[in-house]
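Student: Take this sequence and fold it.
(one chain, ligands or ions: 1)
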Amino acid sequence: MSAPLLKLDLSHGHTGLYVLSAALALLSHLAVQLREPRAPPFVHLFLFAAAAAVYALHTQYALPLGTAAAVVARMAGVWVATIFASMAIYRTFFHRLRRFPGPRRFALSKFVSIPMDLAGQRPYRVTRWHEQYGSVIRIGPRELSVADPAALPAIYGATGASARCTRGPWYAFTVESTRTSSYNLQSTPTMTDHAARRKVWDAAFSLKALKGYEENVISNVELVIEQVGAYGAKGPVDVGQWMSWFGFDVMGEVGFGRGFDMVKSATTAKPIVLLEQGVKLIMASGNVAWLMAMFKYLPNPIVLFEAWIRETLEQRVREGKTGVVEHDVFSWLLGEAKNQGATQTMPELNADAGLLIVAGSDTSSNTMAITIYELLRNSGAYARLQAEVDEEFGIENATDFTRLGKLPYLNAVINETLRLWPPVASGLQRNTPPEGLLLPDGTHIPGNTVVSTATYTMHRDARNFTDPHAFKPDRWLSKPAAGEVFNQRAFSAFGYGPTGCIGKNLAFMEMRAMIARFAQSFDAQLAPGFSPERFEASIKDCFVLVKDPINITVTPRRNAPKPQ
Ligand code: HEM
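Tutor: This is a model prediction of the structure:
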């Protein structure tokens, strides 16, 4: 037996070992102070140290293996308890964010946020905290939430300190959870790299490119109208489900020429089932970096969806070379549309394909479904929309995108729905640069702080919108009356600045055509027994909005315009 590296007297028990664990925990805290552990190496180190300790106690101190393992398990317990206590004390009394108000528990650890995110309650809780503590609050150990519209340019703007911000840790987590481990456009950390990458995407969403997608959008809208008509003749339909199928079908086809045929088959395709499970995992586990990064080592929906994307894209690239595919987003990202090669690597393109499906589907489909819900829930709104569409289009199908863009009430109902139910409801995290950020109200946000604006909160704030919880499309149509407020600067459903939604125009194409054609084709009502209160309480923010079915009855229009 060789001499022990560290001489410990274990003849009077193991107290010395536990004191050593506590001391190591304090040293570990010092090592990771100001930074949250980000990646599995941290966990690997811990597991390696534990295994080494068992081995050393067994071989160097002749403890039986079982006893050595039990002692090390207790040492690990002491280590964990000490580091948590040390972090709690530091974060409460010494941290640079200690002066910001907010719910105390949430300042101690991101673990505390997991149940809230699993339940999809983040925007609602954050709103209550803002009401209680003010406009700038601490919602995590090194995280602040801001509910002041004037702060949007300061945090997300293209110039000044905001341009030196990087994407917050949540974006890195979404990358760390994948095996490709490649950034997509949205998660690209620095604003300079993002701007370079966005140029490629800009071409795919130019007016010329959008024109190429029109036919595809229209044929998918028409298929929904046909299917909802057929299924609606048999009984109530869940309009949320139909819009979701439509959203994915369009994104598959417009994205890379590969629809999922979900509207046609009235079933959810396997990759989409995986995706829906995966995004919930991201939302909940994204609070704790190393937890998220562990997922990629286990079979889980995210890596299975990733594998599907990889195969689909490889096939798309092969087809592109034969010149078969045109008019899809990837014809631009792959450089086919301009007869050039792709400027991005294959892992980057895979990551972007995943982003396209995630960012472009549930966002628009939730908005379409909830717009139809709001129109049916609010007396007279649906009939008013029908009248507007009839007046413009008569017996012609309402699919001319230029004319749809000019219908005031149609656009107002979509915007009002986005205000009440923004599909990206929680804040978009930024990491502040070393010098920090100055907000317009004079608040200085220290460097290396995670900060975001609270979209849902600002949309539901009576200081920005009179009667903020009511569906009132008219607020978008005329100047506010005396004593009323309409602060359009607070409306940030599509994000803000250079990282704002690139798909906004495509989303509006889909939403306008779908809602107008729906109103033109059907008389509709919320199904008997449907409870709006229960439905609204069911809406959760699980990275995408998750909600109960919206059951409605539809019948062909009785008073539709007739040919002259
Ligand atoms: C009602 C519909 C939509 C809403 C409310 C919405 C909202 C948003 C928001 C808030 C962001 C900023 C996210 C961030 O900074 O992390 C964003 C980014 C993005 N959206 Fe949308 N979106 C919608 C539809 C679409 C559609 C249809 C597409 C695709 C065709 C799309 C593609 C993207 C992409 C690629 C980004 C990342 C942009 C970047 O980082 O530069 N979105 N969207």
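Student: tally of neighbours for Gln488?
Tutor: Around Gln488 sit 12 other residues, with neighbours defined as other Cβ atoms under 10 Å. Backbone N, C-alpha and C define where each C-beta goes, glycine included.
Student: Phe173 in helix, strand or coil?
Tutor: helix (DSSP: H, G, I helix; E, B strand; the rest coil).
Student: Tell me how many other residues surround it.
Tutor: 22.
Student: For it, give me the pLDDT.
Tutor: Looking at Phe173, its pLDDT reads 78.
Student: Could you find the closest non-adjacent residue to Phe535?
Tutor: Distances taken as Cβ to Cβ, 6 or more residues apart in numbering place Asp548 nearest to Phe535, at 5.4 Å, with adjacent residues excluded.
Student: Then Arg74?
Tutor: Per Cβ to Cβ, 6+ apart, closest to Arg74 is Tyr18, 6.7 Å.
Student: isn't Cys165 right up against Met191?
Tutor: Yes. Counting by Cβ atoms under 8 Å, Cys165 touches Met191, with 6.9 Å between them.
Student: quick one, which of those two is more surrounded?
Tutor: For Cys165 versus Met191, neighbours defined as other Cβ under 10 Å are more numerous around Cys165 (25 against 21).
Student: In space, what's closest to that one - neighbours in sequence excluded?
Tutor: Closest to Cys165 by Cβ to Cβ, 6+ apart is Arg430, at 4.1 Å.
Student: May I have the phi/psi pair for that neighbour?
Tutor: Main-chain torsions, Arg430, degrees, to the nearest 10: phi -120, psi 150.
Student: Look up how far Val54 lies from it.
Tutor: From Arg430 across to Val54, the span is 43 Å (Cβ to Cβ, to the nearest Å).
Student: which of those two has more neighbours?
Tutor: Arg430 (24 against 21).
Student: Could you see whether the ligand lies near stretch 447-457?
Tutor: No. Shown here: stretch 447-457 not in contact with the ligand (Cβ under 6 Å from any ligand atom), separated by at least 7.3 Å.
Student: Just checking the distance from that stretch to the centre of its chain.
Tutor: Relative to its parent chain, stretch 447-457 has a centroid offset of 14 Å by Cα atoms, centre = their mean, to the nearest Å.
Student: going forward, begin numbering at 46 instead of 1
Tutor: In the new count, where the first residue is 46, that last one comes out as stretch 492-502.
Student: Now do that stretch: distance from first to last residue.
Tutor: 24 Å (Cα to Cα, to the nearest Å).
Student: Over to stretch 204-213?
Tutor: 18 Å.
Student: do that stretch and the ligand meet?
Tutor: No. Applying Cβ under 6 Å from any ligand atom, one finds stretch 204-213 separated from the ligand by no less than 7.5 Å.
Student: who in the chain is up against the ligand?
Tutor: 230-231, 243, 400-401, 404-405, 408-409, 412, 468-469, 473, 538-540, 544-548, 551-552.
Student: Filter those down to the buried ones.
Tutor: For these, a neighbour count by 16 or more other Cβ atoms under 10 Å gives the buried set as 230-231, 243, 400-401, 404-405, 408-409, 412, 468-469, 473, 538-540, 544, 546-548, 551-552.
Student: Among those, which lie within strands?
Tutor: Per DSSP state E, strands hold no members of those.
Student: thought Leu108 was touching Val116?
Tutor: Yes. If you go by Cβ under 8 Å, Leu108 and Val116 touch, sitting 6.9 Å apart.
Student: residues shared between the contacts of the two?
Tutor: Leu102 (Cβ atoms under 8 Å, 6 or more residues apart in numbering).
Student: Neighbours of Ala572, how many?
Tutor: Neighbour tally, Ala572, other Cβ under 10 Å: 18.
Student: Check Tyr106 too.
Tutor: 16.
Student: and if you look at the one 4 residues further on?
Tutor: The burial count assigned to Leu110 is 12, neighbours taken as other Cβ under 10 Å.
Student: Could you measure from the closest residue to it other than its chain neighbours over to the ligand?
Tutor: Leaving aside its sequence neighbours, Leu110 sits nearest to His103 (Cβ to Cβ, 6+ apart; 5.3 Å). With distances taken as Cβ to the nearest ligand atom, to the nearest Å, His103 is found 50 Å from the ligand.
Student: Three-state assignment for His103, please.
Tutor: helix.
Student: List the contacts of it.
Tutor: With Cβ under 8 Å, 6+ apart, His103 has these contacts: Pro109, Leu110, Ala113.
Student: And the closest residue to the ligand within the stretch 196-345 of the chain, how close does it get to Ser406?
Tutor: Of all residues in the stretch 196-345 of the chain, Gln231 sits closest to the ligand, at 3.8 Å by Cβ to the nearest ligand atom. Note on Gln231: its distance to Ser406, by Cβ to Cβ, is 14 Å.
Student: do you know how far the residue nearest to Ala152 when sequence neighbours are not counted is from Glu176?
Tutor: Leaving aside its chain neighbours, Ala152 sits nearest to Arg183 (5.2 Å; criterion: Cβ to Cβ, 6+ apart). Arg183 sits 15 Å away from Glu176, going by Cβ to Cβ.
Student: Between the two, which is the more surrounded one?
Tutor: Arg183 (24 against 11).
Student: Contacts only, for that one.
Tutor: Leu142, Phe145, Pro146, Gly147, Phe151, Ala152, Leu189.
Student: quick one, phi psi at it?
Tutor: phi -90, psi 120.
Student: what are the bridge partners for it, then?
Tutor: Leu189 (DSSP bridges).
Student: For the ligand, what is the nearest residue in this structure?
Tutor: For the chain, Cβ to the nearest ligand atom, closest residue to the ligand: Gly548, 2.1 Å.
Student: check contacts around that residue.
Tutor: By Cβ under 8 Å, 6+ apart, Gly548 lies in contact with Phe250, Ala404, Gly405, Thr408.
Student: any idea how far Val374 is from it?
Tutor: 9 Å.
Student: Spit out the residues that contact the two alike.
Tutor: Phe250.
Student: Next, count neighbours for Ser310.
Tutor: So Ser310, with other Cβ under 10 Å, has 11 neighbours.
Student: swap that for Phe93, please
Tutor: Neighbours around Phe93, by other Cβ under 10 Å: 11.
Student: That one: helix or strand, and which one exactly?
Tutor: Using DSSP states H and E, Phe93 falls within helix 85-104.
Student: ok, back up a step: which residues does the residue nearest to Cys210 bridge with?
Tutor: Under the criterion used (DSSP bridges), Arg475 bridges to Arg212, Val496.
Student: OK, contacts around it?
Tutor: Ile200, Tyr201, Ser207, Cys210, Thr211, Arg212, Gly213, Val495, Val496, Ser497.
Student: and Asp193, that's in a helix?
Tutor: No. Counting by three-state DSSP, Asp193 falls outside a helix, being coil.
Student: Could you list the low-pLDDT ranges of the stretch 296-445 of the chain?
Tutor: By pLDDT under 70, the low-scoring segments of the stretch 296-445 of the chain are 328-340, 367-371.
Student: And the helices in it?
Tutor: 307-310, 315-330, 334-339, 346-366, 374-378, 391-405, 407-422, 426-438 (DSSP state H, counting those that start in this stretch).
Student: The longest one vs helix 315-330, what angle?
Tutor: If I follow you right, that is helix 346-366. Here helix 346-366 runs at an angle of 130 degrees relative to helix 315-330 (axes from the mean of the first three to the mean of the last three Cα atoms, to 10 degrees).
Student: by contact count, what packs against helix 346-366?
Tutor: If contacts are counted by 3 or more Cβ pairs under 8 Å, 6 or more residues apart in numbering; DSSP states H and E, helix 346-366 sits against helix 284-301, helix 315-330, helix 374-378, helix 391-405.
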